[in-house]
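Engineer: When you get a sec, could you give me coordinates for this:
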Amino acid sequence: MRPAVAAPPVVVATPTTLASFGRRFVATVIDNVLVAFLVVVALPLFVHDFQNRTTIGLKAFYAAVLAGNQDAFTPDFDHLMTIILYTGMALTLAYGAVCLGLWSRTLGQRMLSIAVSPLDKPADKVGWSRGVSRSLAWTLLSQGGSFFPLVNVFSISMILWHPKRQSLPDLLARTQVVCRD
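Structural biologist: Sure, this is the predicted structure:
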């Protein structure tokens, strides 16, 4: 009598549901609000008299605009705006890299049951290298300066027409955004 030979495991392809534009958009709004909150909380801890200086700068800006002045920013307010910009970029990059590296999704994505996955393995986590590269591309496109908003609009529109609903950061990191519980 021959011993029973175990049959090789059967590989069943599981269908991957790509995240819709709407879910991705709402998740991005939630994440941006969260990062903005972190910026507002962090800056007063590190910048002397941040809230008072910002209020004075905003009042001076508003008065200058009403008076028709072209050079509306005071030097101090311009400096504060630069600090806010770079802090926002740094926190966006750190938030995205850590969340994607650890969980393959940000808090906004988690709330909407979507996640970032490798293009070739939709059930896997993205890992640190893809998470950092995707977050870096996203940060540069969304907050990188005067030329990048045009590229960012194109990148976001790609979600509507690309076969895998990938944006430029997804293409660069070889990721996709899928529905996941």
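Engineer: Low-confidence ranges, this structure, go.
Structural biologist: 1-15, 146 (pLDDT under 70).
Engineer: Please enumerate the helices of it.
Structural biologist: Using DSSP state H, the helices of the chain run over 21-46, 50-66, 75-103, 107-111, 127-143, 148-161, 168-173.
Engineer: quick one: which of these is nearest D181?
Structural biologist: helix 107-111 (10.1 Å; Cβ to Cβ). For the C-beta atoms, the positions are set from N, CA and C on the backbone; glycine is no exception.
Engineer: if we can go back for a sec, any chance of the helices of the chain in TSV, with mean neighbour count and distance to C179 too?
Structural biologist: Below are the helices of the chain laid out as TSV (neighbours: other Cβ atoms under 10 Å; distance: least, Cβ to Cβ, whole Å):
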stretch	mean neighbour count	distance to C179
helix 21-46	15	8
helix 50-66	14	40
helix 75-103	17	15
helix 107-111	18	10
helix 127-143	19	18
helix 148-161	14	14
helix 168-173	20	15
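Engineer: Kindly reformat those as TSV containing distance to R180.
Structural biologist: Below are these laid out as TSV (distance: least, Cβ to Cβ, whole Å):
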stretch	distance to R180
helix 21-46	11
helix 50-66	39
helix 75-103	10
helix 107-111	9
helix 127-143	15
helix 148-161	17
helix 168-173	15
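Engineer: The ones you listed: which one's closest to L119?
Structural biologist: Evaluated over the helices of the chain, closeness to L119 peaks at helix 168-173, with 7.9 Å, by Cβ to Cβ.
Engineer: Which other helices and strands does the closest one contact?
Structural biologist: Counting contacts by 3 or more Cβ pairs under 8 Å, 6 or more residues apart in numbering; DSSP states H and E, helix 168-173 packs against helix 127-143, helix 148-161, strand 175-179.
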